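A.B. asks: Mind folding the following:
(2 chains)
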Amino acid sequence: MDLKPFPTVRARRLAAWAALALGLALPLPARAGAPLDTARMVAILKGIDQRVRAVGDFTSLVYLESRERDQPDTAQEALVYRRDADDKLMILFTEPKETAGQGYLRIDDNLWYYDPTVGHWERRTDRERIAGTDSRREDFDHSDLADQYDPHYLGEARLGVYKVWHLRLTAKPGVDVDYPVVEFWVDEATGNDLKRQDFALSGRLMRTEYVPKWEKVYSPQKKGWVWFRAQINIYDEIDKANSTVVVVKSVDLSPLPENMFTKAWLESKSR
Amino acid sequence: MSLLVRLALRNLSANFLNVIIGSILFFGTLLFVVGGSLIGSVNRALSQGIIGSVAGDAQIYRAASQDKPALFDNWNLPDLDPIPDFAKVSAVAAADPDVAALVPMGVGNAQVYYGNTLDEALGRLRRAVDGRPRAPRAVVESLKAQVRGIVDVIAQDYSKLALVASAAAVDPRSKAYLRRAASPAFWAGFDAAPDAHLEFLENRVAPILPDADAVYLHYVGTDLDLFRRCFDRLRIVDGTAVPSGQRGMLLSKFAYESQFKLKTAYRLDQIHEALTEQGRHIKGDGELEDLVRQNRTQTREILLQLDPLSAAKAAAVIRAATGSSRRDLPGLLAEFLDTDDADFAARYRVFYKDLAPLLRLYRLRPGDTLTIGAYTKSGYRKEVNVKVYGTYEFKGLEKSDLAGALSLMDLITFRELYGYASAADRAETRSIEAQAGAVAPPRADAEAALFGGGGVYSAPSSRGLDAAQALKSLPRRAASGDRPGRVFTPAQMDSGVCLEAAVLFKPGVAFTPAMARLQRVLDRAGLGLKVEGWRAAAGAIGQFVLAADLILGVATAIIFVVALVILNNAVVMATLQRVREIGTLRAIGAQKGFVLALVLVETLALGLLCGTAGMLAGAGVVRLLHRVGVPASNTYLYFFFSGPRLRPDLSLGSLVGAFLVVVGVTGASALYPALMATRVAPVRAMASED
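C.D. replies: Numbering: from 1, shown residues only, chains lettered A, B, ... in the order given. Here you go, the predicted model:
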């Protein structure tokens, strides 16, 4: 276990310089109540993408709880492995026994699903409901918001005790995203998103997602903090009885084996 | 009395109004007899279809269930509480002397995901390369040749894309991937590093082909041995029955043809059936012309299957059949499949004789293993491998998509897919939930609960993860379906969950009292079970006959009420026209009772005469329909008729009913005019004389 929650003095200094450099690179904070201009909004999105991006590998143990109409609650745990530099992601379910060994593997734009009880792979769409919950692949992955969406300013609002900017993101032409329109509520103090709503092209609201917990862990490779959404509450807006909670129980930034993001590796864990 | 009858009969032909009254009675009776016989025949055919195919005489299910069984409502699964242990129900029902057999069942829906054609071919190649032991070299080479053939077709298609689409639609990366995958150098290096080559093909090349799809299966899990014994209309069409006590599946022939067959071949079959069995013609028939158009334009499915050698053979076959001098196979195929009434039969023959052997006509063959998935009752997604032994159909219901919607699966596999959450499973879920301690406030309070008190940000995370430890808990398992030949005993089959059970009563047992007795037996056992007759258990389809009965009853009632009013008016008018005659009769000594009887007998005689004629004519129509048969013009009627034609039988009930209704209606309609006639005084006859 190489996790270093309390970085060295040198690393902290480097992080402080990096943060200062990023702060200087961003435009000055907007005047209270004044609309954000496009450059500022793009900077906010880039800030989110930069904060959650792990330069090296990122492993987390995630808990997923799903409630559905006329179904018993489900609770699952999964290991989520990320290698953001190569756009790779793997989700390997560890509990309960019923689903242990099932997994998803993202390679480029492909999302593969594996079930050890049948022993073969299926290509799934990027809109796959992960393990039948309301979560999607991008809830577990790093984000490319600034590259995928054009932001529009809708105003200021409050989320509980937090003052937030309300943005509307529309997918850039030719970019394939899960939802073409997303509304974003961004914490003015930190620039982290606290709420998002996903819309279909028709304008129909599909999901509402809250992020009531953000955490960060120091990354020596990044020489800065890697932020992660430690809890996500997702409410299905099509079937209002359905909801999902995703909780990151623990994280690890240790380097992963080079050949890990392969079908063979995932299969080997349960065969 | 004879005077009365003679007078009544004489008067029948003396008044034109009687012709109108008689016509109404004639057609009303005819409709009653024909309609009643038709409905009765559909009822009998439908009951044979439902009882004999899957429902049995009745269905047992948990009384606490939200819904009732609905076996033929296909994709709308009823919400039935599980019967935790079928063995207990079986033991209780065995004590009822009326019950011949009890067949456990559970209906469900599942999906079979198919990747695109290249995914499928790569999957086979990966299994051949990865398998332990590795497949023979010849098999690997053959699979590689097939993949290369598919890549070549995609590359050719993609090179044409620039001609028909905008520049933005052509992805230069895809073009480069295809160029690499089609190059001899790529294949020369395949054997040295198969994994890397397969990953490249799977992740870079296969996504370019957009023909992935999913097949949806509606199935009933059951004790397959018992099912075959109890539902003897079942006939194995392809392959074999599932060996006794083993796991396996029988696909319905209808689902097999419509969902697993090469689409071009299935469309050719549909056209062939329309031309040969339904007497239709392609020219001018929009549906058939559309099928031909689809075959002409959707040839890629065939092209992707052919390796270079097979493609050359196919081209030669088509050139010989069409006389075409074209060289390109896509063009030749389009020409070959652009059929009309004159050449269809010959090309259909050539397709099956010469082309089909070069193709995978079905995605799945008896003996293959099918991976099917579903969301279980415990909420998790579950996939299982199940061997498909063959296909089946119910005699007389071969072409019904209602009867053919259900594939048959063994009970053990059904239980895996159903995923009944045991107490241990529920405890495991609670334990995982408790460890996580996640906060999930109700939707309405979410914002206040999650953000009202702050606390979104905390100190840097110190929650370290030992992933290796988490991985250690993963169970090691082999893919399901890898224990061929395992035989389950009847006790193992019986002990476990089912959702319903089909009851078959012994021959000759009266249905309604038997249902009541069985319900009492189950109530005494205190298992919380309910019995529902086949009609209710069949779902909406079973209610069809009730609805048809009701519609016929209402229509007949309306006709006879209208007839009653018209008859009443007509007889009143006829009576008023005969005031002089009645007065004269009264003057020469006829009593009121005689006059009353005269009008009643006269009208009843008319009713009996025309009613009998209507009954005879109705019987004739029914006989004619029986001989000719009413054709089932669509698959729903095929099910209702329990075959391709309905041959209605004359129903004694319809005849008796018609007789009683005619007597009742004519008697009722004549009563008031008859009473009116008794009030005619003899002096009216004299007054008329003046």
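
A.B. asks: check contacts around whatever residue of the stretch 151-271 of chain A ends up closest to chain B.
C.D. replies: Closest residue of the stretch 151-271 of chain A to chain B, Cβ to the nearest Cβ: A:Gly160 (2.7 Å). C-beta: built from backbone N, CA, C; applies to glycine. Applying Cβ atoms under 8 Å, 6 or more residues apart in numbering or on different chains to A:Gly160 gives the contacts B:Glu447, B:Ala448, B:Leu450, B:Phe451, B:Gly452, B:Gly453, B:Gly454.

A.B. asks: Count the residues that sit near the closest residue to chain B within the stretch 1-150 of chain A.
C.D. replies: Using Cβ to the nearest Cβ, the single residue of the stretch 1-150 of chain A nearest to chain B is A:Gly119, 3.2 Å away. By other Cβ atoms under 10 Å in any protein chain shown, 21 other residues sit near A:Gly119.

A.B. asks: Please verify my assumption that it contacts B:Asn385.
C.D. replies: Yes - with contact defined as Cβ atoms under 8 Å, A:Gly119 and B:Asn385 form a contacting pair (7.5 Å).

A.B. asks: Tell me where the model's unsure across the stretch 1-150 of chain A.
C.D. replies: A:1-33, A:70 (pLDDT under 70).

A.B. asks: all strands of chain B, in order?
C.D. replies: B:58-62, B:99-114, B:213-222, B:234-239, B:249-252, B:369-375, B:381-394, B:406-410, B:500-505, B:529-533, B:630-631, B:645-646 (DSSP state E).

A.B. asks: and what of the stretch 151-271 of chain A?
C.D. replies: Secondary structure of the stretch 151-271 of chain A (DSSP state E, counting those that start in this stretch): strands located at A:162-171, A:181-187, A:193-199, A:205-219, A:224-236, A:243-252.

A.B. asks: in its sheet, what does the third one sit against?
C.D. replies: Take DSSP bridges as the rule and strand A:193-199 pairs in its sheet with strand A:181-187 (antiparallel), strand A:205-219 (antiparallel).

A.B. asks: could you dump the ones you listed to CSV with mean neighbour count?
C.D. replies: Listed next are the strands paired with strand A:193-199 as CSV, based on neighbours: other Cβ atoms under 10 Å in any protein chain shown:
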stretch, mean neighbour count
strand A:181-187, 22
strand A:205-219, 21
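
A.B. asks: Throw the ones you listed into CSV and include distance to B:Arg233 and mean pLDDT, thanks.
C.D. replies: As requested, those are arranged in CSV below (distance: least, Cβ to Cβ, whole Å; pLDDT from 0 to 100):
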stretch, distance to B:Arg233, mean pLDDT
strand A:181-187, 54, 96
strand A:205-219, 46, 94
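
A.B. asks: any chance of those in CSV, plus distance to B:Ala321?
C.D. replies: Below are the strands paired with strand A:193-199 laid out as CSV (distance: least, Cβ to Cβ, whole Å):
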stretch, distance to B:Ala321
strand A:181-187, 53
strand A:205-219, 52
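
A.B. asks: do you know which of the ones you listed lies nearest A:Ile107?
C.D. replies: A:Ile107 lies closest, by Cβ to Cβ, to one member of the strands paired with strand A:193-199: strand A:205-219, at 23.6 Å.

A.B. asks: any weak-confidence spans in the stretch 401-550 of chain B?
C.D. replies: Residue ranges of the stretch 401-550 of chain B with pLDDT under 70: B:421-422, B:461-463, B:475-485, B:545.

A.B. asks: now do 50
C.D. replies: Scanning the stretch 401-550 of chain B for pLDDT under 50 picks out the ranges B:481-482.

A.B. asks: Please, where are all the helices along it?
C.D. replies: Secondary structure of the stretch 401-550 of chain B (DSSP state H, counting those that start in this stretch): helices at B:411-418, B:423-436, B:446-451, B:467-472, B:490-494, B:511-525, B:534-537, B:542-577.
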